[in-house]
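*Asks:* here are the coordinates; sequence isn't available:
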């Protein structure tokens, strides 16, 4: 295995504190299916992606519809077209209504990561073994630009994958307005790296 395996069940990280402390463990495609492994995918990975303190506070409550911006309202009155916002890689992003909750926002962000970094993405099944599994917490500004990235889990090897993941996050920004979402304005993503140093966001591996 290329990822560090726990010596026993007690070594498995059970909560966000273990992750923040840099606990290392091994996750392979087999860990997404059946038996004990189901517990790993449901509790461990769900904890990484959705269970960090305060991240999803109030996220299940639908939010009111977004109020059109002054620019959009003026364009509607005048009949002029409004340019789509430009994303980190220079391509225009298709306008979307504001996300209703953090789960929806995180899924959109994962898709933006894939769209903006095609050369760094692999598709299909997660390979076995995985090279590295860095975990990042992305803090956002009101407009969806990246304010800060915190490394929640540093892989024990192939540490350069952390920078690859961070560069991909910055390149894909902005991720959409977050003013209608509850604070703190942050989400977490797990990056599943293969031997070619290409990754798949764990959010899209459901």
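*Replies:* It's in. Keep in mind that what you see is a predicted model, and the values were worked out from it rather than measured. Numbers count the residues shown, from 1 in each chain.

*Asks:* list the contacts of residue 166.
*Replies:* Contact criterion CB atoms under 8 Å, 6 or more residues apart in numbering gives 136, 149 as the residues in contact with residue 166. C-beta coordinates here come from the backbone N, C-alpha and C atoms, glycine included.

*Asks:* so it belongs to a strand, correct?
*Replies:* No. Under DSSP: H, G, I helix; E, B strand; the rest coil, residue 166 falls outside any strand and is assigned helix.

*Asks:* how about stretch 118-129: buried residues?
*Replies:* 120-122, 126-127, 129 (16 or more other CB atoms under 10 Å).

*Asks:* ends of it, how far apart?
*Replies:* In terms of CA to CA, to the nearest Å, the two terminal residues of stretch 118-129 are separated by 22 Å.

*Asks:* could you do stretch 153-163 as well?
*Replies:* 12 Å.

*Asks:* same deal with stretch 192-206?
*Replies:* Distances were taken as CA to CA; on that basis the terminal residues of stretch 192-206 are 13 Å apart.

*Asks:* for the record, mean pLDDT for it?
*Replies:* Stretch 192-206 shows an average pLDDT of 95 in the prediction.

*Asks:* what does it contact?
*Replies:* Defining contact as CB under 8 Å, 6+ apart, one finds that stretch 192-206 is touched by 2, 27, 32, 45, 48-49, 106-107, 109-111, 113-114, 120-123, 126-127, 130-134, 155, 158, 160-161, 164-165, 168, 189-191.

*Asks:* buried subset of the residues you listed?
*Replies:* The neighbour-count criterion (16+ other CB under 10 Å) marks 2, 27, 32, 45, 48-49, 106-107, 109-110, 113-114, 120-122, 126-127, 130-134, 155, 158, 161, 164-165, 168, 189-191 among the contacts of stretch 192-206 as buried.

*Asks:* out of these, which sit inside strands?
*Replies:* Secondary structure assignment (DSSP state E) places 189-191 from the buried ones among the contacts of stretch 192-206 within strands.
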